[in-house]
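> Need coordinates for the below:
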Amino acid sequence: MPTFITRRHALRLAVLGPVAGTLPSLAGAQAAWPNKSIRLVVPFAPGGSSEIVARGAAAELTKLLGQSVFVDNKPGGAGNVAMGEVARADDEHTVILGHIGTLAVNPYIFDKLPYDAAKAFVPVSLLAKVPSLYVVRPELPVKNLKEFIALAKSKPGQLNYGSAGNGSAGHLAFEYLKMATGTFVVHVPYRGTGPQLTDLMGGRLDAAAVGAPAVMQFIKTGKLRCIATGTTQRLAQLPEVPTVAEQGFPGFEMTQWYGLLAPLDHGPGQRRQAGRGLGAGDQGAGDAEAAGKRGRHRRGQHPRRIRQVHRARAAALEAGDRARQDQARLTAAGAAARRYSVSSPCA
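Down below sits the predicted model:
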């Protein structure tokens, strides 16, 4: 049974092994590197899974490099503002947290982006895969997904769900659920996971799909009820909660992934050293077992894996509906995410 990373475990995110082989190698490419603090940009507001993953990575990298690695939250435009800024960075001390939304979804729901998702960044490492949890406010009279579907169908358009913003992983995850179940639930976009969760626990929202690190503590304390997980198997931390697939939708899977990216302008020597370090950084049996206990996280993977993730999603998305209606685009993105989760070599 897979386990899932908690907030405390997330802050111990083990980029230590493979990335340890990468970044000191970067230092070897340029003797003075790093000669100042490194900025790790998170393209979303504080309070969500992305910040938890980034802060865990920053803490470990600070120890490894002997230079401060600090997290800089820069929300706006579904992550596009930060991605555009980092794509233009040329100080070789700025990196960004890559995400399913900014790399695989945004190119297909925005007519124009301030960055080229396929060409503007160099993949350094796949940091984490995080399952989506489908949660509701405790007062909603449903105990599982089947009851939620029945309630939604009896009141079409009267229930709502929140997300961290248009094009966010939570938006994608819930639209995919709506598509699979044939339900109509109104989307309420927020500017980040934090305010979304405040309204959900305050009773102003009915439901949401959120990465588990951000909500596990609220589920455990009864402030939210988890009605389904987006994983293929039940989570060890929530053994009583069935998966979406178990509740009548075989093959359903929804996860978020996070990677460490550098701007393309980072020197070619550094990129070669990064590839060598990560290629030699495969997990041993004990390391892989520890990763499993933290929640099926894959850490420090070769940058080729991120490119494969990106290309697999992009190819699937291009085969989907390219209509300009936002709803139609997200439906195509949801179908692409499902195909990737089955076929990608990173899964």
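> I'd assumed Val122 was in contact with Ala87.
No - the criterion here is Cβ atoms under 8 Å, and Ala87 misses it with Val122 at 10.9 Å. Quick note: C-beta positions are derived from backbone N, CA and C, even for glycine.
> hey, what's in contact with both of these two?
When contacts are counted by Cβ atoms under 8 Å, 6 or more residues apart in numbering, Ala87 and Val122 have Pro263, Leu264 as shared neighbours.
> residue boundaries of the strands in the protein?
Ranges of strands in the chain, per DSSP state E, are 38-42, 69-73, 94-99, 121-136, 160-163, 186-189, 207-211, 225-229, 255-263.
> Quick one: closest of the ones you listed to Gly56.
Of all the strands of the chain, it is strand 121-136 that lies closest to Gly56, at 8.5 Å by Cβ to Cβ.
> relative to strand 207-211, how tilted is the closest one?
Strand 121-136 and strand 207-211 are oriented at 140 degrees to each other (axes from the mean of the first three to the mean of the last three Cα atoms, to 10 degrees).
> circling back to that earlier point, Ala169 is nearest to which of the strands of the chain?
Once these are compared by Cβ to Cβ, strand 255-263 is nearest, at 4.5 Å.
> Counting neighbours, which bits of the closest one end up buried?
For strand 255-263, burial by neighbour count (16 or more other Cβ atoms under 10 Å) applies to Thr255, Gln256, Trp257, Tyr258, Gly259, Leu260, Leu261, Ala262, Pro263.
> ok, now which ones touch Leu177?
Counted by Cβ under 8 Å, 6+ apart, Leu177 has contacts Tyr134, Thr183, Ala209, Val244, Phe252, Met254.
> scratch that, Gly182
For Gly182, the contact set (Cβ under 8 Å, 6+ apart) comprises Lys153.
> burial count for the closest residue to Gly192 other than its chain neighbours?
Counting by Cβ to Cβ, 6 or more residues apart in numbering, Ala45 is the residue found nearest to Gly192 once chain neighbours are left out, at 2.6 Å. Residues lying near Ala45 (other Cβ atoms under 10 Å) number 21.
> How about the one 4 residues further on?
Residues lying near Ser49 (other Cβ under 10 Å) number 28.
> Isn't the residue nearest to Gly192 up against Ala78?
No - with contact defined as Cβ under 8 Å, Ala45 does not reach Ala78; the gap is 11.4 Å.
> anything in contact with each of those two?
By Cβ under 8 Å, 6+ apart, no residue touches both Ala45 and Ala78.
> Any idea how many residues pack against the nearest residue to Leu151 once chain neighbours are set aside?
Excluding its sequence neighbours, the residue lying closest to Leu151 (Cβ to Cβ, 6+ apart) is Val142, at 5.6 Å. Other residues lying near Val142 total 18 when counted by other Cβ under 10 Å.
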